[in-house]
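Chemist: The sequence isn't on hand, but the structure is:
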């Protein structure tokens with residue numbers, strides 16, 4: 001085995017040929033210690049655990065140094081992370097990333113499409129899109145309605161019938177005892193609408209004067225496929241909250 005252009009210092013190991021032409025595009029300052037590190041097998045930095053796991057710490061140059069780089073960590077390809085990840089700068093990842101643990105991002109995360117299998121916790125939740133009427137150069141933003149429950153709704157118009165048929169999945173999604181209904185008669189006639197029966201499959205409506213029913217409705221319910229929201233709790237983050245009673 002032979003080593004070429006290996007420089008060992010008390011604080012760093014530089015592998016590869018120095019590239020004096022490589023500069024930081026932001027400051028135009030040369031990076032004379034830049035080189036190439038390649039390894040055809042597994043590289044372990046830190047204390048190995050069971051011969052497979054290790055600790056890798058990657059920092060940017062010292063804040064007082066005139067040498068700096070655009071990325072502290074750049075991953076091109078697929079990557080897997082087991083454990084907690086704290087992200088305080090820009091993250092560029094070309095490929096697929098699998099994270100088994102907690103990911104903390106102190107800046108803004110943008111995604112073209114994302115799915116979560118658990119809860120999303122945020123100070124606010126909104127969408128921001130190109131304005132559908134004014135077009136390019138204008139934006140339209142909406143925020144999610146906040147409330148002390150993990151709720152869902154179903155709305156529509158009821159006409160010539162006295163039964164609001166709820167979606168088939170409500171039976172397994174919504175707590176029956178959490179359902180509330182709002183009715184708004186349509187027209188200039190005086191209606192006396194009442195909810196006479198309800199569950200998480202249907203709502204039965206009656207009109208006291210036997211007039212044909214025509215109304216808008218909103219039905220609200222609380223999800224039962226997840227734990228109830230703990231509205232007030234002690235701790236600095238929602239991760240510290242206790243289970244709801």
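Modeler: Structure's in. What do you need? Keep in mind the model is a prediction, meaning the values are calculated, not measured.

Chemist: Which stretches in the chain count as helices?
Modeler: Along the chain, the stretches classed as helices by DSSP state H are 170-173.

Chemist: remind me which residues of it are low pLDDT?
Modeler: 1-76, 88-91, 237-245 (pLDDT under 70).

Chemist: let's go with 90 and repeat that
Modeler: Low-confidence segments of the chain (pLDDT under 90): 1-129, 144-146, 160, 187-192, 208-212, 229-245.

Chemist: contacting residues for residue 162?
Modeler: By CB atoms under 8 Å, 6 or more residues apart in numbering, residue 162 lies in contact with 204, 205, 206, 207, 213. All C-beta spots, glycine's among them, are computed from the backbone N, C-alpha and C.

Chemist: and if you look at residue 99?
Modeler: 80, 81, 85.

Chemist: Try it again at 10 Å.
Modeler: 79, 80, 81, 82, 83, 84, 85 (CB atoms under 10 Å, 6 or more residues apart in numbering).

Chemist: So what pairs up with it in the strands?
Modeler: residue 81 (DSSP bridges).

Chemist: Residue 106 versus that one, what's the distance?
Modeler: 16 Å (CB to CB, to the nearest Å).

Chemist: Same check on residue 135?
Modeler: For residue 135, the distance to residue 106 equals 34 Å [CB to CB].

Chemist: burial of the nearest residue to residue 180 once chain neighbours are set aside, as a residue count?
Modeler: Counting by CB to CB, 6 or more residues apart in numbering, residue 220 is the residue found nearest to residue 180 once chain neighbours are left out, at 5.0 Å. Number of residues near residue 220 (other CB atoms under 10 Å) recorded here: 17.

Chemist: quick one: residue 220 and residue 145 touch, right?
Modeler: No. Applying CB atoms under 10 Å, one finds residue 220 not in contact with residue 145, separated by 11.0 Å.
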